[in-house]
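Colleague: need coordinates for the below:
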Amino acid sequence: MSENIEHLLNFAIENGASDVHIKTNRESILRIKKKLTKTNITIDEKELNDFINVYVENLQKKVEFKQNRRNSLDAALSFNGRRFRLHMYRSNNGLNATLRLLSEDIPELVKLNLPPDIKRLTKAEKGLVLVCGATGSGKTTTIASIINEINKTRAKIIITIEDPIEYVYKEEMSVIEQREVGVDTESFTQAGIDAMREDTDVLVVGELRDLDTIKNAITLAETGHLVFGTLHTKSVIDTIDRLIDVFPPEQQQQIRNQLSSVLFSIIHQQMVGTEKGVVVIAEMLMMNSVLANQLKSTETKPNAIKDYMRTKKDIGCQHITDNILWHIENRRLELTDVKFILDSDDYRLLEMRLNY
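Modeller: Numbers count the residues shown, from 1 in each chain. This is a model prediction of the structure:
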């Protein structure tokens with residue numbers, strides 16, 4: 001591998017970057033505390049190809065990418081003691097790579113500064129748990145921390161389906177098998193079907209990216225498994241809508257009924273950059289029989305679910321304004337840090353609660 005890439009990755013590690021952007025024959029860029037930082041380091045296409053040869057272990061993916069049978073490549077790799085998630089792709093400007101630095105170890109839940117009631121998820125026996133948010137919002141880290149807590153405290157058979165494998169677990173009380181799509185299984189869908197025959201207690205689906213994968217996750221939850229998955233959505237409400245809308249209209253009432261019986265929790269999170277660092281803002285929905293009945297009905301309005309989240313702190317729900325207030329009280333955030341991520345009603349509510 002070229003000295004340029006070695007220098008770039010080491011510089012990223014030393015400066016706490018979250019992402020590395022390599023554009024062939026153009027200046028490489030780091031994202032540090034949510035801000036883009038130029039590096040004066042330029043990588044050419046040969047250096048990037050050499051990088052693939054050395055660090056990407058999946059021979060099939062490498063060959064297909066080089067032979068233009070696929071236009072992007074996803075892999076996880078290790079460099080200088082750190083794990084990275086790699087995404088390579090072609091554009092009109094040539095070959096590009098984005099690398100995300102992963103935590104050196106799986107962080108403990110308490111260190112993520114997520115709502116304390118998230119610990120309830122580590123004690124669940126069955127149901128569907130969804131961790132949602134935009135790309136880069138920490139969904140994978142949150143699930144890894146939850147799963148590792150289960151691993152430390154409970155004797156379970158845990159199967160993960162990932163593309164690629166990012167965090168590598170060390171078995172403690174649980175037995176853990178990690179399967180990478182394209183390496184250990186042909187697809188998320190097939191691995192989900194396989195999980196039904198593998199005496200699985202806990203299943204982690206890296207991403208619920210299509211109808212078949214969502215359908216399998218719901219079916220597994222219905223059959224008594226605890227299923228974790230991620231979705232790219234804008235809020236808890238948007239997550240519910242997305243789960244239903246992905247199905248044809250004639251199946252949506254059936255899916256409402258199924259979700260009402262299997263959905264255990266939805267966590268939506270987003271990252272906010274502050275002068276002190278990056279803070280994860282989260283909202284958390286925990287199900288009960290009242291909300292289950294609301295989910296069955298097409299008449300339920302989004303505001304009804306938001307109101308439910310505001311009033312059900314006793315069962316673990318966390319409205320986004322409550323979570324922000326918690327961060328402000330613990331001096332991790334200022335009100336001005338969140339002005340542009342809240343709607344006007346929620347922002348005014350926070351101002352009132354803080355007596356601004």
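
Colleague: only C-alpha atoms from now on, for both contacts and neighbour counts.
Modeller: Fine.

Colleague: mind checking what secondary structure the nearest residue to Leu349 once chain neighbours are set aside has?
Modeller: Excluding the flanking residues, the one nearest Leu349 by Cα to Cα, 6 or more residues apart in numbering is Thr321, at 7.8 Å. Secondary structure, DSSP: H, G, I helix; E, B strand; the rest coil: Thr321 is helix.

Colleague: enumerate every residue touching the closest residue to Gly277 other than its chain neighbours.
Modeller: The shortest distance from Gly277 to any non-neighbouring residue, by Cα to Cα, 6+ apart, is to Lys33 (5.9 Å). By Cα atoms under 8 Å, 6 or more residues apart in numbering, Lys33 lies in contact with Ala17, Ser18, Gly273, Thr274, Gly277, Val278.

Colleague: what about the fifth one, how many residues nearby?
Modeller: A count of neighbours around Gly277, defined by other Cα atoms under 10 Å, yields 12.

Colleague: likewise the third one?
Modeller: Gly273 is flanked by 16 other residues according to other Cα under 10 Å.

Colleague: for the spatially closest residue to Arg26 that is not a sequence neighbour, give me phi and psi.
Modeller: Of all residues not flanking Arg26 in the chain, Thr42 sits nearest, at 5.5 Å (Cα to Cα, 6+ apart). Backbone torsions of Thr42, given as degrees, to the nearest 10, read phi -120, psi 130.

Colleague: what pairs with Thr42 across the strands?
Modeller: Glu27 (DSSP bridges).

Colleague: I'd assumed Asp44 was in contact with Glu27.
Modeller: No. Counting by Cα atoms under 8 Å, Glu27 stays clear of Asp44, with 10.2 Å between them.

Colleague: in this structure Lys296 contacts Ile244, no?
Modeller: No. At 10.8 Å, Lys296 does not count as touching Ile244 under the criterion of Cα under 8 Å.

Colleague: so what sits against both of these two?
Modeller: Arg256.

Colleague: remind me which residues of the protein are low pLDDT?
Modeller: Applying pLDDT under 70 to the chain flags residues 1, 57-69, 356.

Colleague: report the central residue of it.
Modeller: Lys139 (2.1 Å; Cα atoms, centre = their mean).

Colleague: in contact with it, which residues?
Modeller: Val131, Cys132, Gly133, Thr230, Gln269.

Colleague: and the gap between it and Val20?
Modeller: According to Cα to Cα, to the nearest Å, Lys139 and Val20 sit 19 Å apart.

Colleague: mind putting the contacts of Lys139 into TSV with distance to Asp74?
Modeller: Putting these into TSV (distance: Cα to Cα, whole Å) gives the following:
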residue	distance to Asp74
Val131	21
Cys132	20
Gly133	20
Thr230	17
Gln269	23
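
Colleague: of the residues you listed - the most surrounded one?
Modeller: Busiest of the contacts of Lys139 [other Cα under 10 Å] is Cys132, holding 28 neighbours.

Colleague: that one contacts Phe228, doesn't it?
Modeller: No. Contact criterion Cα under 8 Å: Cys132 and Phe228 do not qualify, at 10.8 Å.

Colleague: can you point me to the longest helix in this protein?
Modeller: helix 139-153 (DSSP state H).

Colleague: what segments of the stretch 51-200 of the chain are strands?
Modeller: 72-79, 82-91, 94-101, 127-132, 157-162, 175-180 (DSSP state E, counting those that start in this stretch).

Colleague: residues in contact with His327?
Modeller: Leu333.

Colleague: I'd like the distance between it and Ile341.
Modeller: 15 Å.

Colleague: got it, and Ile52?
Modeller: From Ile52 to Ile341 the distance is 38 Å (Cα to Cα).
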